[in-house]
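Asks: Predicted model and sequence below, questions to follow.
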Amino acid sequence: MADEFDPEKFEDKYANYFNELQRAYKNAFNQMNDRYDSELIHGIDQTVLNESEPFYEDGEFRVELPENPRERIRGAVSVDDETFEETLDEYVDRIETELYRTLGVERPE
């Protein structure tokens, strides 16, 4: 775990927080994989989240997704739009939660 989170260092997150980012994404993946269809979780992980970008702005973490996440998974995994959207939203929320936990930052109310 990082000694103490520094928002300025997070601007160069891959140099300063790479291990913590990997751990947060892996923890979220493991949690989602335990609760949802493994094929769907692997598909989201490999076709959408592989190009996501975590940011820390105004005291909050957020994960920015690539354009057209639904189109990225079409053909890779058969899933209806509603299930995909709900699962992706929860997955992103879990990643953000893990970023707070892994980096030792208190989540705003």
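Replies: Right, received. Where do you want to start?

Asks: spatially speaking, which residue is in the middle of the chain?
Replies: With distances taken as C-alpha atoms, centre = their mean, the residue of the chain nearest its centroid is residue 95 (3.6 Å).

Asks: could you say what helices and strands the host helix or strand of that one packs with?
Replies: Taking DSSP states H and E as the definition, one finds residue 95 inside helix 81-103. Here helix 81-103 touches helix 18-35, helix 38-47, strand 53-57, strand 60-64, helix 69-73, going by 3 or more C-beta pairs under 8 Å, 6 or more residues apart in numbering; DSSP states H and E. (Each C-beta comes from the backbone N, C-alpha and C, glycine too.)

Asks: what about the residue lying closest to residue 64 once chain neighbours are set aside, how many residues close to it?
Replies: Among residues not flanking residue 64 along the chain, residue 53 sits closest, at 4.7 Å (C-beta to C-beta, 6 or more residues apart in numbering). Around residue 53 there are 10 other residues, counting by other C-beta atoms under 10 Å.
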